[in-house]
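> got a predicted structure plus its sequence, pasted below:
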Amino acid sequence: MTLIHARGLVKRFADFTAVDGIDVDVQRGEAFGFLGPNGAGKSSTMRMIGCVSPPTDGTLSILGLDPRRDGPKIRAKLGVCPQLDNLDLELTVRENLTTYARFFGIPRKVARERAAELLDFVQLTERADSKVEPLSGGMKRRLTIARALVNEPEIVLLDEPTTGLDPQARHLVWERLFRLKQRGVTLVLTTHYMDEAEQLCDRLVVMDAGKIVAEGSPRALIEQYSTREVVELRFNAESQDAFAGKLDGVGERLEVLPDRILLYVADGDSAVAEVQRRLLSPASVLVRRSSLEDVFLHLTGRTLVD
Ligand SMILES: Nc1ncnc2c1ncn2[C@@H]1O[C@H](COP(=O)(O)OP(=O)(O)OP(=O)(O)O)[C@@H](O)[C@H]1O
């Protein structure tokens, strides 16, 4: 069943078009991602899906309902985890959940039970009675995720769920989101981290400047738009450009970034051997598998994160 269906969806702010006619279908039970750099229009899209920002044009249907008419009904079935945690700092960890539950008309007893389950799920039971303020960034994010689940939503919207978190905290959040996915919860998330998209998303769209530039599973996108391996070469020089000319024909494609050259190849080791045959001596050589970052670079000529 299609839970989110958008056709020609547009969001304009005065004469600026933030979302420029996108088509999206999200199926029940999948983890769907919007991957793109800052300013691509991901949050604007999420806000339309979250029924807090009306579309300027196009059609949008969520859970079979029309956000223009049925906003409150839809919002009651969504869980929203915004980009910036907006927890109530005056309340305890537990009270943040029970108070939020009241907005959905959940009876007090049920709310307390659900809060206990959710605190267990996000591994915050021990902090239930502490104030929110002293929690780490990762704990706050996990509490925000727990809060988004209070109304047992059919779709959970996560806007950049791990931005600003350290690597360990990110992995904890990913692990919890992965569990949610296993429980069959439909997840819709935005991210500019390609590793996050690869870890979590069954399917994603790549967004740039308000438009969708590609769509598919992470693996399919990499297969379609990149080679199996990438050789990263760094030369000790002001500019890498001079070396790029000497790499003509090594690999299928080449990208010159300010600090490195990327060679797109089927076999990294034989490409490195060819670089050596050409008497080039880079300061560093790294052979790695292609990623969604490479897909984005290929499609837009830019990197995801500056
Ligand atoms: N309320 C607004 N008024 C005017 N312009 C806006 C408004 N909200 C967003 N924009 C602009 O629309 C563009 C897309 O923003 P949006 O927040 O959707 O991008 P994003 O991909 O989510 O990036 P980020 O990760 O920075 O949130 C940006 O150029 C932004 O400045």
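Nice, I can see it.
> contact partners for the nearest residue to residue 185 once chain neighbours are set aside?
Once flanking residues are discounted, residue 185 sits nearest to residue 156: 5.8 Å by CB to CB, 6 or more residues apart in numbering. Just so you know, the C-beta spots here come from the backbone N, C-alpha and C atoms, and that holds for glycine as well. Residues in contact with residue 156 (CB atoms under 8 Å, 6 or more residues apart in numbering) are 78, 79, 80, 81, 145, 148, 149, 180, 185, 186, 187, 188.
> can you check residue 160 too?
42, 43, 83, 189, 190, 191, 192.
> quick one: least confident of these?
The member of those with the lowest pLDDT is residue 83, at 86.
> re earlier: in which helix or strand would I find the residue nearest to residue 185?
Residue 156 belongs to strand 155-159 when assigned by DSSP states H and E.
> just give the strands next to that strand in its sheet, each with its orientation.
Partner strands for strand 155-159, per DSSP bridges, with pairing direction: strand 78-81 (parallel), strand 186-191 (parallel).
> so does the shortest one get close to the ligand?
Pointing back at strand 78-81 there. No: under the criterion of CB under 6 Å from any ligand atom, the ligand is not reached by strand 78-81; the shortest gap measures 13.9 Å.
> confidence-wise, which helix or strand of the protein is lowest on average?
The helix or strand of the chain with the poorest confidence is helix 241-244; it has a mean of 82 (mean pLDDT, DSSP states H and E).
> which residues touch stretch 56-71?
Contact partners of stretch 56-71, identified using CB under 8 Å, 6+ apart, comprise 3-12, 21-22, 48-49, 51, 54-55, 73-74, 77-78, 154-155.
> so what's residue 240 up against?
233, 234, 256, 257, 258, 259, 260, 261.
> name the SS class of the closest residue to residue 159 other than its chain neighbours, please.
Counting by CB to CB, 6+ apart, residue 83 is the residue found nearest to residue 159 once chain neighbours are left out, at 4.2 Å. Reduced to three states with DSSP: H, G, I helix; E, B strand; the rest coil, the structure at residue 83 is coil.
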